[in-house]
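*Asks:* Pasting the sequence and the predicted model now:
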Amino acid sequence: MHEIDAVTVAKREEFYGRLKPHNMAPLWEVMKGMLPPEPKSKAEAHRWRYDDIRPLILESGNLLTAEEAERRVLILENPAFPGQSRATSTLYAGIQIIMPGEVAPAHRHTPSALRFMLEGSGAYTSVGGERTRMAFGDFVITPVWAWHDHGNDGSDPAAWLDGLDVPMIAFFEAVFREDYNDAEQEILRPEGDSFFRFGSGMLPIGGTSPYGQTTPIFNYPYERSREALYRSSRGEEIDAHIGTTLRYANPLDGGWTMPTMSAWLSHFPKGMETAKIRSTDHIVMCIAEGTGSITIGAKTFDFGPKDVIVVPGWSWRSFRANEDVVVFCFSDRVAQEKLGYFREDRAKV
Ligand code: GTQ
């Protein structure tokens, strides 16, 4: 940069001042911040230990009813974004609890939601006139603008991880929401209907999704996904960076399951240390099985089952598996891919 004299600086400042009433500003003063050489997320890497937060989640279960709360959820807020209901810049995450006999009343909204089931045996959710029971590890989807209500007819509290694209949809200022005229939607189909119709390696001829870009399957049972994952681990050489990773897919087009959020499961066999990888998507992870540690940038977090971890975009990450580890992940990758700029970068091995 060549030196500029005080007179020139003053002249320019005076000019900028006259731009303000016109709602204009000089690009050259902000251009480097607007177009940095690479992204630096404002979010922090973070881990919530399930053992630490579980008592608080259960306590909330006795503080107010699900009906009162509409959704009784403790939001997982990124430490860099207090009060903003965001786990990453683009994603919302929370832990929802439903006590035995309760109903979280039906509503719908333009943000999509996903669930990763954590505990309890009697929880169910209804979507599109169909009810699905949620068992540990199940990946459950609420499509854009689909009526959904949750309940628990078991005898123990049910809790799951919620993931929503709310910050993304709010960025577009396109959040709509509507309440149903009853606590629960009308059930029109037998349980399992969508899964057997679309999730058995066969498809209805001419079949389409009732939910546009969202998969017609709304519960991917862990029993099935886990078996697929472990069998894949045995059948193929394990990727040094991502272990054995299988993504949840829309059977109709082979794409991701939702228009804005990607979801996948990774398995790292006992003893594995992965090579570093970074990608532009912002990731929320939930440990399904095992203990180990994850290094994100300069921070290392150890983890156990049901812990939730946030990986900000474009930060290096690597795993160490003390036992066989299975991790459920969701991110905004599919949205970035559609916008044409998703990137990933792998350290040399
Ligand atoms: O279950 O519909 O965590 O609407 C936040 C907003 C869950 C839900 C959340 C919601 C829901």
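*Replies:* Arrived safely.
*Asks:* Show me what from the stretch 51-200 of the chain comes close to the ligand.
*Replies:* For the stretch 51-200 of the chain, the contact set with the ligand under Cβ under 6 Å from any ligand atom comprises 71, 73, 94, 96, 109, 113, 148, 162, 164. Using the backbone N, CA and C atoms, a C-beta is placed for each residue, glycine as well.
*Asks:* what's around the second one, how many residues?
*Replies:* Each residue near V73 was counted by other Cβ atoms under 10 Å, and the total is 22.
*Asks:* same check, this time on the third one
*Replies:* One way to gauge burial is a neighbour count; for G94, by other Cβ under 10 Å, it gives 20.
*Asks:* and the closest residue to it other than its chain neighbours, what does it touch?
*Replies:* Here the nearest residue to G94 in space, its sequence neighbours aside, is V73; by Cβ to Cβ, 6 or more residues apart in numbering that works out to 4.0 Å. By Cβ atoms under 8 Å, 6 or more residues apart in numbering, the residues touching V73 are 94-97, 162.
*Asks:* Kindly recompute the last result at 7 Å.
*Replies:* Residues counted as contacts of V73 (Cβ atoms under 7 Å, 6 or more residues apart in numbering) are 94-96, 162.
*Asks:* do the same with Y211
*Replies:* By Cβ under 7 Å, 6+ apart, the residues touching Y211 are 143-144, 146.
*Asks:* For those residues, pick the one with the most neighbours.
*Replies:* P143 (23 neighbours).
*Asks:* these two touch, right, it and T214?
*Replies:* Yes - contact status for P143 versus T214: in contact at 3.7 Å, counting by Cβ atoms under 7 Å.
*Asks:* okay, and the common contacts of those two?
*Replies:* S112.
*Asks:* ok, of the residues of the stretch 51-200 of the chain next to the ligand, which one's closest to D182?
*Replies:* Relative to D182, the closest of those is H148; by Cβ to Cβ it sits at 13.0 Å.
*Asks:* Is that closest one bridged to anything, and to what?
*Replies:* H107, V127 (DSSP bridges).
*Asks:* Contact partners for it?
*Replies:* 106, 108, 125-127, 142 are the contacts of H148 under Cβ under 7 Å, 6+ apart.
*Asks:* Which two of the residues you listed have the greatest separation?
*Replies:* Using Cβ to Cβ, the contacts of H148 span at most 12.8 Å, a distance reached by R108 and T125.
*Asks:* And the residue of the stretch 51-200 of the chain that's closest to the ligand?
*Replies:* D162 (3.5 Å; Cβ to the nearest ligand atom).
*Asks:* tell me which element that residue is part of?
*Replies:* strand 158-164 (DSSP states H and E).
*Asks:* residues making contact with the helix or strand following that strand?
*Replies:* Using DSSP H and E, the helix or strand that follows strand 158-164 towards the C-terminus is helix 166-171. The contact list for helix 166-171 (Cβ under 7 Å, 6+ apart) reads 85-86, 89-92, 110-111, 175, 260, 332, 335.
*Asks:* same thing but 8 Å
*Replies:* Contacts with helix 166-171, where a contact means Cβ under 8 Å, 6+ apart, come from 84-86, 88-92, 110-111, 175, 260, 332, 335.
*Asks:* any idea where the helices of the stretch 51-200 of the chain begin and end?
*Replies:* All helices of the stretch 51-200 of the chain, identified by DSSP state H, counting those that start in this stretch, fall at 66-69, 166-171, 193-198.
*Asks:* For the shortest one, buried residues please.
*Replies:* If you call a residue buried by 16 or more other Cβ atoms under 10 Å, then helix 66-69 has these buried ones: 66, 69.
*Asks:* quick one: average confidence on it?
*Replies:* Averaged over helix 66-69, pLDDT sits at 94.
*Asks:* what pairs with L161 across the strands?
*Replies:* I95, F116.
*Asks:* On the pLDDT front, check the residue of the stretch 51-200 of the chain closest to the ligand for me.
*Replies:* 98.
*Asks:* who touches it in this structure?
*Replies:* Shown in contact with D162 (Cβ under 8 Å, 6+ apart): 71, 73, 92-96, 113-115.
*Asks:* switch to 7 Å and redo it
*Replies:* D162 sits in contact with 73, 93-94, 96, 113, 115, where contact means Cβ under 7 Å, 6+ apart.
*Asks:* before we move on, back to that, more neighbours: R108 and T125, which one.
*Replies:* Legend: neighbour count by other Cβ under 10 Å for R108 and T125, higher for T125 (25 against 20).
*Asks:* what's the nearest residue to that one if we skip its chain neighbours?
*Replies:* Per Cβ to Cβ, 6+ apart, closest to T125 is H150, 4.7 Å.
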